[in-house]
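> 3D model of this:
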Amino acid sequence: MPEQTPEPDRLDPRVWRIVSVAILGSLLAQLDATVVNVSLSSLAVELHSNLSVIQWVTSGYLLALALALPLNAWLVERIGAKRLYLVCFVGFTLASGLCALSWSAGSLIGFRVFQGISGGLMAPMTQLMVARAAGKHMVRVMGYAAIPVLLGPVLGPVIAGAILQHATWHWLFLINLPIGALAVVLAFLFLPDDDDIKGVARGLDVIGLLLLSPGLALFLYGSDHLGEQAGVTAILLSIILLAAFVFKASKDRQRALIDLQLFRSRVFSASAVTQFTTNGLSFAGQMLIPIYLTRAASESPSVAGWLMAPLGLGMMCTYPWLGKLTQRCGIRGTSTGGATVAFLGTLPFLYLSSHPLNLLILAGTLFIRGMGMSAVGIPSISAAYGSVRTEQLPMATTSLNIVQRLGGPTLTTVCATFLGWQLAVHSPSNVTNAFTLSFALLCTLHALLIVAAMRLPLSLKKIQHPPAEELGK
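A predicted model of the protein is given here:
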């Protein structure tokens, strides 16, 4: 890690250079995903396909990402973080060029799978790079680093609309080429060599990979197709595979693809639970609130999208202040406070769902909810990284990313299943009760997030030097 300057509130300029290069990967991935998602209808027309087929442009990418993600820690140990980051960026950029050359829906889906593999390996690298560079200032640095990433979903629809209006669909992917090329050059120049983080290269846990990767992919697929027999079957198979992986990894310990000994640390496990719940509530809310706006409040999908904007604005307002908040309130205080604010920002939906839509209350509650949600995740991530040694960072990064990705579809599925059950129970004329009860479930899950955040350590100083036995040694 870089040497700390004498002034506690100043960071070495090299840290900002490293972080700026690292977040380019997240920004590019977010921008690419948003641009593609909002362009699926146009792609179906241009490639003479239908939406049921063309949606695999997105689904295939996500499934490939899930398949590749567990390999991240093993590859970092083998070739190093900088080399892996460069390989992933080159692969992602080349895949974008191949997507632009697609001649059919099938070829585009195939190239997006290739892009998903690169994205799955690149996804945890931003956290790893920032954790190594920022050290004890991680909360402050991540607070600023998260803002450009949030611009992806905001700029994506605008860029996609301009491209589809003034150019061909190929430019949806060609715009990645100059960004990717610039990122590769900057990464080569400014990212530090990382021989210090490469541990003893372990053999690849092939059986663990064959259990974990398909288990994650099947879980994501099943969550998106829960209303179908294939989706239910996929969920059941994923549970069996993931349970088998946990059993095998518990026996293999440090030889496993994912070292479950990390979760024996009270701090790391508390951080993982907080990350799982935070990510799950974020996705569940983004699913439930727009459905309420379109079905119960009778707003159009385009209007509902604009009405969700205060949520992102609230998040962007909080991120720059996370460093100061954490210095004053500590890890536990900031995360617990954020979880409480998010809970208070969700409660008004119990009123909104049973009364005519009030845009002022909606905007205010979404803004407050966004402020609260954004104050939970980054402090808990910093606590997790503070509880492991430097050589354990790749494994910790991969583990946290897997937990995060499971949280989204898990809690979204819980809320979607509950909402579907309530809509079936209540008559169409009494649909508001179904949404009121669904928002009550969402509030209950927010209360559980407060409990999870209260298990985090008071501050980073309490976990700078954890005992070796706590880390499973």
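
> So what's the gap between the lengthiest helix in the chain and the chain middle?
In terms of residue count, the longest helix belonging to the chain (DSSP state H) is helix 393-425. Averaging C-alpha positions (C-alpha atoms, centre = their mean, to the nearest Å) puts helix 393-425 11 Å from its chain's average.

> cool, and stretch 433-445?
That offset, for stretch 433-445, works out to 24 Å (C-alpha atoms, centre = their mean).

> all helices of the stretch 51-200 of the chain, in order?
51-54, 56-68, 72-79, 81-100, 105-122, 125-134, 138-166, 171-174, 176-190 (DSSP state H, counting those that start in this stretch).

> Helices of the stretch 201-350 of the chain, residue ranges please.
Under DSSP H, counting those that start in this stretch, the stretch 201-350 of the chain gives helices at 206-224, 229-252, 266-291, 301-307, 309-318, 322-346, 348-352.

> Tell me what angle the third one forms with helix 206-224.
For helix 266-291 and helix 206-224, the angle between their directions (axes from the mean of the first three to the mean of the last three C-alpha atoms, to 10 degrees) works out to 30 degrees.

> So which elements touch helix 266-291?
Where contact means 3 or more C-beta pairs under 8 Å, 6 or more residues apart in numbering; DSSP states H and E, helix 266-291 is packed against helix 301-307, helix 322-346, helix 359-386, helix 393-425, helix 431-453. The way it works is simple: take the backbone N, C-alpha and C, and place the C-beta from them, glycine included.

> what would these look like in a markdown table with mean neighbour count, distance to Leu212 and mean pLDDT?
Listed next are those as a markdown table, based on neighbours: other C-beta atoms under 10 Å; distance: least, C-beta to C-beta, whole Å; pLDDT from 0 to 100:
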| stretch | mean neighbour count | distance to Leu212 | mean pLDDT |
| --- | --- | --- | --- |
| helix 301-307 | 13 | 35 | 74 |
| helix 322-346 | 22 | 28 | 91 |
| helix 359-386 | 24 | 20 | 90 |
| helix 393-425 | 20 | 8 | 84 |
| helix 431-453 | 19 | 24 | 93 |
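
> pretty sure Leu63 contacts Gly222?
No - Leu63 is beyond contact range of Gly222, at 11.1 Å (criterion: C-beta atoms under 8 Å).

> Tell me how many other residues surround the closest residue to Ala384 other than its chain neighbours.
Spatial nearest neighbour of Ala384, excluding adjacent residues (C-beta to C-beta, 6 or more residues apart in numbering): Ser271 at 3.6 Å. Ser271: 33 surrounding residues under other C-beta atoms under 10 Å.

> Begin at 14 from now on, thanks
All right, first residue 14 from here; so that's Ser284.

> how close does Ser284 get to Leu454?
Counting by C-beta to C-beta, to the nearest Å, the separation of Ser284 from Leu454 is 25 Å.

> Kindly report the same for Val48.
Taking C-beta to C-beta, one finds Val48 at 33 Å from Leu454.

> same thing with Leu177?
38 Å.

> Not counting sequence-adjacent ones, nearest residue to Gly104?
Leaving aside its sequence neighbours, Gly104 sits nearest to Ser131 (C-beta to C-beta, 6+ apart; 3.7 Å).
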